[in-house]
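> here are the coordinates; sequence isn't available:
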């Protein structure tokens, strides 16, 4: 079955350490996205990529970095510069024209202690 | 500036009754709207969508209504079931934005609780 896989489900890191969240899709989707969910904040866009080797900042990109070396993969690195990294991170992908929604992964809960 | 607003953080209804979730938007460029359902610690799943050329779309127990003049849409669930209890996100995109990125802008979500 096609889908998006995020790993790990839960991640703990010490403050000051960089951490990379994995996102892999086998849907042959061109565009991929990273969102962050905080209580009462909804989903906020961190980074997105429309094609391989290209990506753009979203609304809250500070303290994060991404790469898109392969169509299937869009890893997100949470750097030590991110002031409040503890959150639920969601990866999504989509294809087609404007009237197509996202397919989401199951998310990664990152806790920084 | 919040372009998609869900002003009710929570809603509680009895099983079998109608649930109405509301969403307002401010960006006139939005022309495609979606509703997603999310359980705790899981990714959102697509529920139903509507294009701005329509004012209603129905799929089983779920109906979405769009009022373009009021920049308002609503999701109706009839009859409501306990399994519908989840957070519901309204989302919008602007296909004519020129950026061709078709980003979705999400509201903050409404927690629906359906009581048996």
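Sure thing, it's come through. None of the values given here were measured: they were computed from a predicted structure. Numbers count the residues shown, from 1 in each chain, chains lettered A, B, ... in the order given.
> near chain B at all, stretch A:27-47?
Yes: using C-beta under 8 Å from any C-beta of the partner chain, stretch A:27-47 reaches chain B at A:31, A:33, A:35, A:40, A:41, A:42, A:43, A:44, A:45. Yep, even glycine has a C-beta here, placed from its N, CA and C like the rest.
> what is the end-to-end distance of that stretch?
19 Å (C-alpha to C-alpha, to the nearest Å).
> cool, and stretch B:51-68?
So stretch B:51-68: terminal residues 11 Å apart, C-alpha to C-alpha.
> next one: stretch B:50-65
Per C-alpha to C-alpha, stretch B:50-65 runs 8 Å from first to last residue.
> at the contact with chain A, which residues of chain B appear?
Within chain B, the positions lying close to chain A (C-beta under 8 Å from any C-beta) are B:6, B:9, B:31-32, B:34, B:36, B:41-46, B:49, B:51, B:89, B:91, B:93-95, B:100-104, B:106-109.
> change it to 7 Å
By C-beta under 7 Å from any C-beta of the partner chain, the part of chain B that sits against chain A consists of B:32, B:34, B:41-44, B:46, B:49, B:51, B:89, B:93, B:95, B:101-104, B:106-109.
> relative to chain B, how far out is the residue nearest in space to the middle of chain A?
Against the mean C-alpha coordinate of chain A, by C-alpha atoms, centre = their mean, the closest residue is residue A:34 at 2.9 Å. Between residue A:34 and chain B the distance is 12 Å, computed by C-beta to the nearest C-beta, to the nearest Å.
> burial count for residue B:16?
11 (other C-beta atoms under 10 Å in any protein chain shown).
> re the thing from before, what helix or strand is the residue nearest to the centre of chain A on?
Assigned by DSSP states H and E, residue A:34 falls within strand A:31-38.
> partner strands of the helix or strand of chain B at the bottom of the mean pLDDT ranking and their direction?
The weakest-scoring helix or strand in chain B, judged by mean pLDDT, DSSP states H and E, is strand B:105-106 (a mean of 90). In the sheet, strand B:105-106 lines up against strand B:86-93 (antiparallel) (DSSP bridges).
> in chain B, where is pLDDT below threshold?
Residue ranges of chain B with pLDDT under 70: B:96-102.
> if you set the cut-off to 80 instead, what comes out?
B:1, B:95-103 (pLDDT under 80).
> quick one: the strands in it?
Assigned by DSSP state E, chain B shows strands spanning B:4-5, B:10-14, B:19-25, B:32-38, B:45-51, B:56-59, B:62-67, B:72-77, B:86-93, B:105-106, B:110-115.
> mind putting those in JSON lines, mean neighbour count included?
Shown next, in JSON lines, are these (neighbours: other C-beta atoms under 10 Å in any protein chain shown):
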{"stretch": "strand B:4-5", "mean neighbour count": "20"}
{"stretch": "strand B:10-14", "mean neighbour count": "13"}
{"stretch": "strand B:19-25", "mean neighbour count": "21"}
{"stretch": "strand B:32-38", "mean neighbour count": "23"}
{"stretch": "strand B:45-51", "mean neighbour count": "17"}
{"stretch": "strand B:56-59", "mean neighbour count": "12"}
{"stretch": "strand B:62-67", "mean neighbour count": "18"}
{"stretch": "strand B:72-77", "mean neighbour count": "20"}
{"stretch": "strand B:86-93", "mean neighbour count": "24"}
{"stretch": "strand B:105-106", "mean neighbour count": "22"}
{"stretch": "strand B:110-115", "mean neighbour count": "17"}
